[in-house]
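Peer 1: what follows is a predicted structure for the sequence shown.
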Amino acid sequence: MALKWFNTLSRSVQEFVPLDPAGQKANLYCCGPTVYDFAHIGNWRTFMFGDLVRRYLEFKGYAVRHVMNITDVEDKIIKRVRETGVPLRDFTGKFEAAFFEDLKTLNCRMPHLTPRATEHIPQIIALIEKLVARGIAYRATDGSVYFSIEKYRAGGGQYGQLVKLDFDEMRVGERVRSDEYAKETAADFALWKARVPEDGPVFWLSPWGEGRPGWHIECSAMSMELLGPSFDIHLGGEDLVFPHHEDEIAQSEGAGLQAPGLRFVKYWLHGAHLMVDGKKMAKSLGNFFTLRDLLAKGFSGREIRYSLLTAHYRETFNFTLEGLPGARVSLQRIDECLTKLRELAGAAAGKPEADVVDRFSAALDDDLNVAGAWGAVFDWVRDTNRRLAGNGMTASAAANALATWDRMDEVLGVGAPSEVAVPPEITALVEARQAARQARDFRRADALRLELKAKGWVVEDTPKGARAKKV
Ligand SMILES: [Zn+2]
């Protein structure tokens, strides 16, 4: 079945047809973190959405090239650098490292490329030069370079592809230096910001004097540098639709690098917000959580991943701390089933049960309907448990069931303990053997070892103590 999803550009659910004529490659750009603080779970919902898209494309057999930028210079970062007095690279490096750690904790697949804005200043300057040469960008009296919406539109450019804008309300030639603004105040936006005293030591040389890039141009320059002037998918949170993504389109298409008939990006995907207890997350409300806050409360990355993957990407997800134990219970159901299957399958090799995988995949093909996909998973768990309970399952059927899970988990990424859980009676025997050894009763220790062996377990002495392992 064909994969369909909601393209913000067309405002409709569309079939994914990659630009690659062979239909094999899929290029994906996800707006990455602004590394001025630890990412919060609202951010993580969006990054996990990027991971879901990446994993599902790979599941479908596409060769994905996944780029996620690191915004390591922009307004908020400069403000923090000024406040803390820490050099830019040291300041951003700490949060960048934390971001990658968190990405691993949530078992997200690492993007193939994670370019930093500060390492693409020449490409950013070259792109601005193109816009200046085409008459779409201009240097204002404050020394900054702005994108002229009027000139862009006069040249046939369409500003307002992702959102509807009321141009009658806009005052031509007005400028906005800040990276963030509402669509009601849309105006010429900054591509290059002339150095001001508050920037301190954060500046680069350019044809327009000392300064630094605007946020929007960073993503245009890096995405086109690494994926070409036209690529398949650009993804981010819905808060980025305007102005960030709208401005990216204007800059990238304004530079005129695309082949005739091609856009900058074919599919724009946006993930909805996350609320906490029905409210917008805010530090002042005490409902603001970073991933680390939740780990400190005793939840695992796997449980948080599961929880964030339960809601459809276009629906607002209401996160609650009370909901996380439910994630734990659901995962335990899966784990218990897999443990039994592993015991039964032994070393037998299996292949996925096509009907189960097809149902799972059909749900995801339908605009990434994760609820339907989880429905397929839990129906399968229930059926598998029923078959196991009936004692009619063979080792090869168990191996097929495991292969089925592995196939689905390529997308879900919630994993499962790779080792068979140790039953309590075995743990008791291991402990009794340890006690016997400590009491130097080696005959009894040996007898217990043989008893364990008879039950199919061996004892391994590790630096952390004795551990039972299934033979
Ligand atoms: Zn971006």
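Peer 2: Alright, I've got the coordinates.

Peer 1: flag the shaky bits of the protein, pLDDT-wise.
Peer 2: 172, 416-421, 462-464, 470-471 (pLDDT under 70).

Peer 1: longest single helix anywhere in it?
Peer 2: helix 324-345 (DSSP state H).

Peer 1: which elements pack onto that one?
Peer 2: Contacts defined by 3 or more Cβ pairs under 8 Å, 6 or more residues apart in numbering; DSSP states H and E place helix 324-345 against helix 301-308, helix 370-389, helix 395-412. Every residue, glycine included, has its C-beta placed from N, CA and C.

Peer 1: could I have the first one exported to CSV, CA atoms only?
Peer 2: When you say that, I think you mean helix 301-308. Only the C-alpha atoms of helix 301-308 are listed here, as CSV (Å, rounded to 0.1, in the frame of the first residue of the first chain):
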residue,chain,number,x,y,z
GLY,A,301,13.5,6.4,28.1
ARG,A,302,11.6,3.4,26.7
GLU,A,303,8.4,4.3,28.6
ILE,A,304,8.6,7.9,27.6
ARG,A,305,9.2,6.9,24.0
TYR,A,306,6.2,4.6,24.1
SER,A,307,4.0,7.4,25.6
LEU,A,308,5.0,10.0,23.0
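
Peer 1: begin at 496 from here
Peer 2: Renumbered: residue one is now 496, and that last one reads helix 796-803.

Peer 1: tell me the angle of it relative to helix 865-884?
Peer 2: 120 degrees (axes from the mean of the first three to the mean of the last three Cα atoms, to 10 degrees).

Peer 1: and the angle from helix 796-803 to helix 819-840?
Peer 2: Going by the same axes, to 10 degrees, helix 796-803 makes 110 degrees with helix 819-840.

Peer 1: just put the helices and strands packed on helix 819-840 in JSON lines and tack on distance to the ion and mean neighbour count.
Peer 2: Formatted as JSON lines, those follow (distance: least, Cβ to the ion, whole Å; neighbours: other Cβ atoms under 10 Å):
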{"stretch": "helix 796-803", "distance to the ion": "21", "mean neighbour count": "22"}
{"stretch": "helix 865-884", "distance to the ion": "24", "mean neighbour count": "17"}
{"stretch": "helix 890-907", "distance to the ion": "25", "mean neighbour count": "20"}
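
Peer 1: residue 582: which of the ones you listed is closest?
Peer 2: Proximity to residue 582 (Cβ to Cβ) singles out helix 796-803 among the helices and strands packed on helix 819-840, at 30.9 Å.

Peer 1: who's in contact with the closest one?
Peer 2: 536, 539-540, 543, 600-602, 769, 786, 789-790, 812, 814, 818-819, 822-823, 825-826, 908-910 (Cβ atoms under 8 Å, 6 or more residues apart in numbering).

Peer 1: which residue ranges of the stretch 646-795 of the chain form helices?
Peer 2: Along the stretch 646-795 of the chain, counting by DSSP state H, counting those that start in this stretch, helices occupy 710-722, 741-749, 786-791.

Peer 1: among those helices, which is nearest the ion?
Peer 2: helix 710-722 (3.2 Å; Cβ to the ion).

Peer 1: tell me which other helices or strands that closest one touches.
Peer 2: strand 520-525, strand 558-563, helix 616-628, strand 683-689, helix 741-749.

Peer 1: CSV for the ones you listed, including mean neighbour count and distance to residue 868?
Peer 2: Putting the helices and strands packed on helix 710-722 into CSV (neighbours: other Cβ atoms under 10 Å; distance: least, Cβ to Cβ, whole Å) gives the following:
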stretch, mean neighbour count, distance to residue 868
strand 520-525, 23, 19
strand 558-563, 21, 19
helix 616-628, 19, 39
strand 683-689, 25, 39
helix 741-749, 25, 31
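
Peer 1: adding distance to residue 677, write the ones you listed out as TSV.
Peer 2: Putting these into TSV (distance: least, Cβ to Cβ, whole Å) gives the following:
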stretch	distance to residue 677
strand 520-525	24
strand 558-563	26
helix 616-628	24
strand 683-689	12
helix 741-749	12
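
Peer 1: of all these, which one is nearest the ion?
Peer 2: Here helix 741-749 is closest among the helices and strands packed on helix 710-722 (Cβ to the ion), at 6.5 Å.

Peer 1: near the ion, anything from that closest one?
Peer 2: No - shown here: helix 741-749 not in contact with the ion (Cβ under 5 Å from the ion), separated by at least 6.5 Å.

Peer 1: next one: that helix to chain centre, how far?
Peer 2: Mean-position distance between helix 741-749 and its chain equals 24 Å (Cα atoms, centre = their mean, to the nearest Å).

Peer 1: got the contact list for that helix?
Peer 2: 622, 626, 629, 631, 642, 644, 647, 650, 652, 654-658, 684, 686, 711-712, 714-715, 718-719, 724, 729, 753, 758-760.

Peer 1: what's the PyMOL syntax to select whichever of those residues are buried?
Peer 2: This is the PyMOL syntax for the buried subset of those, where burial follows 16 or more other Cβ atoms under 10 Å:
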select buried, resi 622+626+631+642+644+647+652+654+655+656+657+684+686+711+712+714+715+718+719+724+729+753+758+759+760
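
Peer 1: keep the contacts of helix 741-749, but drop any that are not near the ion.
Peer 2: Among the contacts of helix 741-749, the ion is touched by residue 714 when using Cβ under 5 Å from the ion.

Peer 1: in the stretch 846-966 of the chain, what residue comes closest to the ion?
Peer 2: Closest point on the stretch 846-966 of the chain to the ion, by Cβ to the ion, is residue 863, at 20.9 Å.

Peer 1: quick check, that residue in a strand?
Peer 2: No - going by DSSP: H, G, I helix; E, B strand; the rest coil, the assignment for residue 863 is coil, not a strand.

Peer 1: thinking it is in contact with residue 548, fair?
Peer 2: Yes - in terms of Cβ atoms under 8 Å, residue 863 counts as a neighbour of residue 548; the distance is 7.3 Å.

Peer 1: ok, the two, which is more surrounded?
Peer 2: Remark: of residue 863 and residue 548, residue 548 carries more neighbours, 25 against 22, as counted by other Cβ atoms under 10 Å.
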